[in-house]
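*Asks:* make a model of this:
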Amino acid sequence: MVHFRSKSDILHWLEKHCPRKAIVRSLNNAELLGGFDLIPPTTRPGWIVRVTSIFNEKRKWIVAVIPRKDIPTCEIRILKYVPWENWLGCKIGMPPIILGDSPGFYCILYGLLKEKSR
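*Replies:* Modelled structure (predicted):
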């Protein structure tokens, strides 16, 4: 199983394993949305990263990194939307890899998106 400790670990892993070169080129424009308790269409937890193209800021990819338990790697999925209803949320003591980027402001924003999606 792959173990991530930070956003940098996730981005480094994506750089090596993502088959879409446009996404790999744009990883410097990535926002970690945090941990999600399940990422459809799977029933497994993982992390979601929003990547903005370096050539066209209107072009964005929602990239899910989902660990596999049966084999020591992760699955990459390009999603059409962020499943905010499954976001793990801001709880005291959670590591930044679960909270996502800039937990202060984004914690409030992501929390509102989670509530709205219910």
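*Asks:* could you use CA atoms for every contact and neighbour count after this?
*Replies:* Noted.
*Asks:* where do the strands of this protein begin and end?
*Replies:* 30-36, 46-52, 60-67, 74-79 (DSSP state E).
*Asks:* which residues in this protein form helices?
*Replies:* In the chain, the helices defined using DSSP state H lie at 7-17, 21-25, 96-99, 103-117.
*Asks:* now the ones you listed as a markdown table including mean pLDDT?
*Replies:* A markdown table is the format used below for the helices of the chain (pLDDT from 0 to 100):
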| stretch | mean pLDDT |
| --- | --- |
| helix 7-17 | 95 |
| helix 21-25 | 96 |
| helix 96-99 | 82 |
| helix 103-117 | 74 |
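*Asks:* if Ala64 is in a bridge, with which residues?
*Replies:* Ile48, Arg77 (DSSP bridges).
*Asks:* and the gap between it and Ile10?
*Replies:* 10 Å (CA to CA, to the nearest Å).
*Asks:* more neighbours: those two, which one.
*Replies:* The residue with more neighbours, out of Ala64 and Ile10, is Ala64; 24 against 19, by other CA atoms under 10 Å.
*Asks:* tell me the pLDDT at Pro19?
*Replies:* According to the prediction, Pro19 has pLDDT 94.
*Asks:* what does Ile92 give?
*Replies:* 68.
*Asks:* please identify which of the helices of the chain is closest to Pro83.
*Replies:* The closest of these to Pro83 is helix 103-117. By CA to CA, the value is 8.1 Å.
*Asks:* most tightly surrounded among the helices of the chain?
*Replies:* Sort the helices of the chain by mean neighbour count, taking mean count of other CA atoms under 10 Å, and helix 96-99 sits at the top with a mean of 22.
*Asks:* counting by contacts, list what that helix packs against.
*Replies:* Identification of packing neighbours for helix 96-99 by 3 or more CA pairs under 8 Å, 6 or more residues apart in numbering; DSSP states H and E yields strand 30-36.
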